[in-house]
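Enquirer: with the sequence up front, the predicted model follows.
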Amino acid sequence: MEVDPMAYEAQFFGFTPQTCMLRIYLAFQDYLFEVMQVVEGVIVKKLDKMPGCQISPSQVRKCTEEFLLFMRDRFDKLFGKMEEVLLQLVLRIPKNVLLPEDKVHEQYPCSSEEFQALQEEIRQLQLQCRAEAAAQQALRAELEEQKVVKAELEKVLQWFDDLEKIFREQGIGSLQESLAFLTQSSKKLQGVLKEVEQKSGKLKLQDKLM
């Protein structure tokens with residue numbers, strides 16, 4: 001048997017009608033149990049004051065439990081009918097009633113196919129938003145890298161400016177001429193170093209032969 005969730009009623013009341021009925025049922029059961037405890041206590045006290053009474057508290061307890069079971073059985077039958085009436089006639093919103101927050105559906109109705117098309121459009125827009133967010137994240141990372149590279153380039157340019165300033169102060173000439181001179185001097189030093197290494201190798205070889 002399919003159970004009606006009564007979701008529209010839950011939207012209106014803020015709770016499901018089934019939950020309401022369950023709480024009423026449990027509250028009555030608790031109240032009935034408490035009343036029977038009080039009645040049992042009163043009966044036991046009355047019997048204690050009666051001289052020659054042969055009824056013990058355990059017998060009173062047994063009778064109380066049997067009466068409680070009888071009352072619960074009767075209540076369950078009556079509550080089932082009461083629950084059916086309340087759920088059908090009191091706690092149910094009629095089919096032709098529309099809640100105020102759902103009036104927009106009456107003004108702008110849409111079919112199942114249109115709703116699915118809207119859902120698909122929303123899904124595509126969500127994918128585009130995620131892609132845009134990822135692209136923006138990558139762009140921010142690239143900008144951060146460019147900032148680091150720019151800072152390093154500015155340091156290099158500053159170093160060249162300082163070097164050119166030193167060259168001018170020493171009367172060495174322009175930076176371009178100085179770099180060309182350093183390059184030629186470096187090549188000459190490399191050639192001299194190579195000759196020294198070759199001569200050193202020959203001397204080591206002669207020492208081994210001797």
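Expert: Okay, I see it. Numbers count the residues shown, from 1 in each chain.
Enquirer: in this protein, which helix or strand is least confident?
Expert: helix 175-209 (a mean of 64; mean pLDDT, DSSP states H and E).
Enquirer: now do stretch 12-28, average pLDDT.
Expert: The pLDDT scores in stretch 12-28 average 90.
Enquirer: so what touches it?
Expert: 5-6, 9-10, 75, 79, 83, 86-87, 91-93, 99 (Cβ atoms under 8 Å, 6 or more residues apart in numbering). C-betas here are computed from N, CA, C, even on glycine.
Enquirer: for PyMOL, what selects the buried ones among the residues you listed?
Expert: To isolate the buried subset of those in PyMOL, counting by 16 or more other Cβ atoms under 10 Å, use the following:
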select buried, resi 6+9+79+83+86+87+91
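Enquirer: for the helix or strand residue 157 falls within, packing partners?
Expert: Applying DSSP states H and E as the criterion places residue 157 in helix 112-170. With contacts taken as 3 or more Cβ pairs under 8 Å, 6 or more residues apart in numbering; DSSP states H and E, helix 112-170 sits against helix 175-209.
Enquirer: picking up where we left off before, determine how far the helix holding residue 157 lies from the middle of the whole chain.
Expert: 28 Å (Cα atoms, centre = their mean, to the nearest Å).
Enquirer: now do stretch 46-63
Expert: 63 Å.
Enquirer: got the buried residues for that stretch?
Expert: Buried residues in stretch 46-63, counted by 16+ other Cβ under 10 Å: residue 60.
Enquirer: can you list the residues that contact that stretch?
Expert: 40, 43-44.
Enquirer: could you identify which of the residues you listed has the most neighbours?
Expert: residue 40 (18 neighbours; other Cβ atoms under 10 Å).
Enquirer: ok, now which ones touch that one?
Expert: 60-61, 64.
Enquirer: so which of those sit within helices?
Expert: 60-61, 64 (DSSP state H).
Enquirer: need those residues in a markdown table with pLDDT and distance to residue 193, can you?
Expert: As requested, the ones in helices among the contacts of residue 40 are arranged in a markdown table below (pLDDT from 0 to 100; distance: Cβ to Cβ, whole Å):
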| residue | pLDDT | distance to residue 193 |
| --- | --- | --- |
| 60 | 87 | 119 |
| 61 | 89 | 114 |
| 64 | 89 | 115 |
